[in-house]
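Engineer: Make a model of this:
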Amino acid sequence: MPASAGSEAGSAESAFISEVVHSLSQPLTVLHCTLEVALQSDNTVEQLRASIVTALDNAERLRQRLLLVQALNDGEPAGETLEQTDLSQILGELHEDMSPLFESVGRRFELHLHCSSLLVRVDRARLVRALFVFIEYLHRYLPEGGLLSIDVAEGVGAQAEIRILAGSSLPVSAKGNACEAGQACEIQLLWRTLIAVGGEFLLLEEKPGRNVWLARLPLSPYP
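Structural biologist: Down below sits the predicted model:
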């Protein structure tokens, strides 16, 4: 590998690590502040319960990121970790699990499945975590009444496609290669997860109040 290429790869990896640290610090800070508030002696039972729920939510966000970063640090998914799984089912389960998170703050999460079944060969646990982390990231920056819409369909060339539209303005630009410096950790984690199994993750549109991505994964032959 030429020295310049090695230097660029090292810079990209350093930027990725920096973004990971930043991503982990936010839920840790919120968790710490939430627990401090919960320990105040004048809290009512309802306030204490709300603080505990918030703390648990942030702990789960932190856990999902740590598990995903650990998996990516282990390198490419080994053959034995890959399994044929239904992409429509994965998104359906995520939508069911995460919709209450959106509804609780007056935001919307819509899922449109254009195929009842789309089989792909992936590390299922890793893909679920990457999608969870990315969806949760988009949720944080949706305005009140904002919409996250996901379409899942079969694309051209025997590929499954996930089109993600977020009606939000993100604090970090998503332009360019998702591995470049300055990209949000949540974007990089999903990009790395997809390319590890022959997929891709593209930014189709970026403007104030609207971001659109397209994720692609090769379809797996039906058994």
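
Engineer: okay, CA-based contacts and neighbour counts for the rest of this
Structural biologist: Will do.

Engineer: which residues in this protein form strands?
Structural biologist: Using DSSP state E, the strands of the chain run over residues 83-86, 108-113, 119-122, 147-155, 159-166, 200-207, 210-218.

Engineer: any chance of those in TSV, plus distance to I187?
Structural biologist: Output for the strands of the chain, formatted as TSV (distance: least, C-alpha to C-alpha, whole Å):
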stretch	distance to I187
strand 83-86	22
strand 108-113	18
strand 119-122	18
strand 147-155	15
strand 159-166	12
strand 200-207	9
strand 210-218	10
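
Engineer: ranking the ones you listed by mean pLDDT, which is last?
Structural biologist: For those, mean pLDDT drops lowest on strand 200-207, to a mean of 88.

Engineer: Give the partner strands of that strand in its sheet and their orientations.
Structural biologist: strand 210-218 (antiparallel) (DSSP bridges).

Engineer: Next, the buried residues of the strand it pairs with.
Structural biologist: R210, N211, V212, W213, L214, A215, R216, L217, P218 (16 or more other C-alpha atoms under 10 Å).

Engineer: Export stretch 191-206 to CSV, keeping only CA atoms.
Structural biologist: Taking Å, rounded to 0.1, in the frame of the first residue of the first chain, the C-alpha atoms of stretch 191-206 are listed here in CSV:
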residue,chain,number,x,y,z
TRP,A,191,-22.1,2.1,6.2
ARG,A,192,-19.4,-0.3,7.6
THR,A,193,-22.0,-2.9,8.4
LEU,A,194,-23.5,-2.9,4.9
ILE,A,195,-20.2,-2.9,2.9
ALA,A,196,-19.0,-5.8,5.1
VAL,A,197,-21.6,-8.0,3.4
GLY,A,198,-21.4,-6.6,-0.1
GLY,A,199,-23.9,-3.8,0.3
GLU,A,200,-23.7,-0.1,0.0
PHE,A,201,-25.1,3.0,1.6
LEU,A,202,-25.7,6.2,-0.5
LEU,A,203,-26.8,9.7,0.3
LEU,A,204,-29.5,10.6,-2.3
GLU,A,205,-30.5,14.0,-1.1
GLU,A,206,-29.4,16.5,1.6
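
Engineer: quick one: E103 from R210, how far?
Structural biologist: 20 Å (C-alpha to C-alpha, to the nearest Å).

Engineer: per the record, what domains does this protein have?
Structural biologist: Domains of the chain are assigned by automatic domain parsing as 3-73, 80-218.

Engineer: for the protein, which spans come out with low pLDDT?
Structural biologist: 1-41, 43, 58, 61-80, 171-183, 222-223 (pLDDT under 70).

Engineer: hey, where'd the helices end up in it?
Structural biologist: Here the chain has its helices, by DSSP state H, at 3-38, 45-73, 87-103, 124-140, 185-195.

Engineer: What angle do strand 200-207 and the last one make with each other?
Structural biologist: With axes from the mean of the first three to the mean of the last three C-alpha atoms, to 10 degrees as the criterion, the two stretches helix 185-195 and strand 200-207 enclose an angle of 140 degrees.

Engineer: Any buried residues in helix 185-195, and which?
Structural biologist: For helix 185-195, the neighbour count (16+ other C-alpha under 10 Å) marks C185, E186, I187, Q188, L189, L190, W191, R192, T193, L194 as buried.

Engineer: so what does it touch, helix or strand wise?
Structural biologist: If you count contacts as 3 or more C-alpha pairs under 8 Å, 6 or more residues apart in numbering; DSSP states H and E, helix 185-195 packs onto helix 3-38, helix 45-73, helix 124-140, strand 200-207, strand 210-218.
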